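Student: what's the 3D shape of this:
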Amino acid sequence: MISLFKKKYIIPVIASAFLFVGVSFKEDFFEIAKQIEIFTTLFKNLNMNYVDETNPGELMDKAIKSMLVQLDPYTNYFNEQDVVKAKINNTGEYTGIGAILTRKDGRLIVREPYKNYPADKAGLKAGDEIIQIGDVNLIDFKDDATQLLKGGKNAKIDLKYKRNGEIKTTQLILEEVDIKAVPFFGKIDDKTGYIVLEKFNAKASSETKDALEKLKEQGSTQIILDLRGNPGGLLSEAVNICNLFVPNNEIIVTTKSHIAKHNNTYKTSKNPVDLEIPLAILVDGHSASASEIVSGALQDLDRAVIIGSRSFGKGLVQRYVDLTYGTQLKVTISRYYTPSGRCIQSLDYTKKDANGKAIRTESKNYNAFKTRKGRPVFDGGGVLPDIELEETKTNTIIDALVRNDAIFNFSTQYCIKNSNLGNKMPILTDNDFIEFKKFLKSQNFSFDTKTDLALKEMLEVAKKEKIDTAIKLQYDTLLASLQKAEELEVDKSKPQILDLLRDEIIVRNQYKEGLYIYYTKNNSEIKKATQLLNNTVEYNKILKK
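Tutor: Alright, predicted model coming up:
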């Protein structure tokens with residue numbers, strides 16, 4: 001009787017609450033009320049009448065998330081477990097094991113253990129597969145396995161994991177984990193300071209300020225700010241970081257929406273650290289959102305030279321809205337505009353192609369704007385650097401190798417075979433590249449390019465129409481040609497692939513800190529930025545000083 005009561009009465013009560021909220025904020029109240037009533041009636045009857053036992057919470061979770069997929073990838077529903085994860089991302093603090101984990105093909109894999117945190121202390125390494133947590137065997141465990149790794153400080157968790165086919169055991173002792181927004185800063189040479197900003201959490205501006213002040217104390221008279229791979233985060237932190245280099249009361253970003261209350265202008269509100277220090281900012285195709293606010297604003301204000309490749313192009317702003325029962329909605333509320341007036345959003349989610357994917361703004365449709373000193377800048381496709389570098393650009397093949405874990409998995413095998421490498425720098429040779437290509441074949445690696453997927457889809461359709469036998473010869477010929485073309489692209493991308501493998505292997509043995517130390521002496525983009533900063537005439541010429 002209790003479960004029936006819940007199904008019959010609680011859902012309508014919740015729906016009534018939604019209706020009440022809707023009255024205050026929507027003019028089209030009737031249509032919203034009508035659709036909620038339809039859904040409520042459907043949901044109630046589905047759960048009461050379906051032939052098998054249902055899980056109302058799981059059904060609702062999927063229904064909401066499926067609905068939001070129709071909008072943009074940044075508007076998301078967070079259940080109670082999701083809310084906890086989101087708070088960790090924004091604060092950088094939590095009690096846990098101190099490692100990045102991924103669940104892929106039903107396997108829980110250690111991606112990166114953080115130095116001197118529980119996973120690292122317990123001996124876990126990147127590439128290890130966790131197969132049992134406590135008494136729970138993960139083979140048949142369908143829920144979020146990372147929830148089994150939660151607990152209070154000093155809680156002990158027994159693990160079984162697999163490494164190179166061998167099953168091992170260890171014990172984790174949970175502790176407080178502090179994820180740094182600035183994991184590294186140091187000096188490139190006597191006068192060039194280098195700051196890596198990995199994320200825009202609540203500590204981003206304070207950690208960047210601390211790094212900047214310490215580098216100045218150490219004699220740095222010019223700065224490189226590395227935003228490569230930074231996916232963004234808190235808009236307020238982006239404004240505060242710009243404020244380190246520009247005066248108080250400077251407009252950094254403006255947000256615009258069809259809802260008036262979401263139209264805002266964000267200005268700096270503090271005293272800067274240094275208005276004159278020469279500044280170069282590194283960006284790439286994975287620099288997004290808040291990274292683009294910082295790079296775009298400082299470019300528009302002629303305060304920094306941007307170096308690298310065009311950034312990702314996320315010009316949408318989200319806000320968290322608290323819902324009932326500890327859940328949240330992260331909803332896109334506006335677009336942001338840099339000081340010159342440009343929006344660098346690259347995808348138009350209101351227009352989609354035949355496959356339901358958002359249409360990218362074409363370069364011919366970009367609009368021109370002017371920086372404060374009259375330099376031309378453009379909207380529509382990320383922040384275009386003042387100095388473009390080919391080595392920071394990726395291609396379809398490189399993206400596929402990273403996305404489908406070819407770089408990660410080969411590095412795992414390499415580190416097992418070269419377990420005595422320690423803190424020595426890996427020297428990857430032509431033979432290693434040959435081994436990498438052999439590895440791709442042994443794994444039947446699929447690049448999953450658009451051409452790959454279209455060819456596979458064609459074969460599936462042919463099978464359904466029973467004509468696959470008739471076209472098999474032509475299909476095999478086309479497939480062989482495609483594979484040959486992909487192999488050629490792999491060969492062309494050899495330098496970038498070896499760089500990615502080297503970077504991954506360094507992180508395995510020397511953590512991120514070791515990688516950034518290596519970068520300060522060997523990274524070509526950093527070298528180019530340093531050369532520019534050392535050339536005062538060229539630097540001033542770019543910024544029209």
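
Student: Helices of the stretch 151-300 of the chain, start to end?
Tutor: 204-217, 235-242, 290-300 (DSSP state H, counting those that start in this stretch).

Student: Show me the residue at the heart of this structure, geometrically.
Tutor: Ranked by distance to the mean C-alpha position of the chain (Cα atoms, centre = their mean), the top residue is residue 231 at 4.6 Å.

Student: For residue 289, see how far away it is.
Tutor: With distances taken as Cβ to Cβ, to the nearest Å, residue 231 is found 7 Å from residue 289. The way it works is simple: take the backbone N, C-alpha and C, and place the C-beta from them, glycine included.

Student: Over to residue 464?
Tutor: Here the distance between residue 464 and residue 289 works out to 42 Å (Cβ to Cβ).

Student: These two - which one has more neighbours?
Tutor: Neighbours per residue, other Cβ atoms under 10 Å: of residue 464 and residue 289, the larger number sits with residue 289, 25 against 9.

Student: Is that one in contact with residue 233, as I believe?
Tutor: Yes. Taking contacts as Cβ atoms under 8 Å, residue 289 lies within contact range of residue 233: 7.1 Å.

Student: circling back to that earlier point, show me which of the helices of the stretch 151-300 of the chain has the highest average neighbour count.
Tutor: Comparing the helices of the stretch 151-300 of the chain by mean neighbour count (mean count of other Cβ atoms under 10 Å), helix 290-300 ranks first with a mean of 29.

Student: what's residue 412 in contact with, if anything?
Tutor: The neighbours of residue 412, taking Cβ atoms under 8 Å, 6 or more residues apart in numbering as the test, are 126-127.

Student: do the same with residue 97
Tutor: With contacts taken as Cβ under 8 Å, 6+ apart, residue 97 has the following neighbours: 117-119, 122, 149, 157, 172, 174, 177.

Student: now, which of those residues sits nearest residue 63?
Tutor: For residue 63, the nearest member of the contacts of residue 97 is residue 149. The distance, counting by Cβ to Cβ, is 28.3 Å.

Student: Could you check how far the closest residue to that closest one other than its chain neighbours is from residue 156?
Tutor: Once flanking residues are discounted, residue 149 sits nearest to residue 97: 5.4 Å by Cβ to Cβ, 6 or more residues apart in numbering. Here residue 97 is placed at a distance of 12 Å from residue 156 (Cβ to Cβ).

Student: again, but for residue 438
Tutor: From residue 438 over to residue 156 the distance is 42 Å, taken as Cβ to Cβ.

Student: Correct me if wrong: residue 538 contacts residue 528.
Tutor: No. If you go by Cβ under 8 Å, residue 538 and residue 528 don't touch, sitting 11.4 Å apart.

Student: State whether residue 311 is indeed within a strand.
Tutor: No. Counting by DSSP: H, G, I helix; E, B strand; the rest coil, one finds residue 311 to be coil, located in no strand.

Student: Excluding sequence neighbours, find me the nearest residue to it.
Tutor: Nearest to residue 311 is residue 382, by Cβ to Cβ, 6+ apart, at 3.9 Å.
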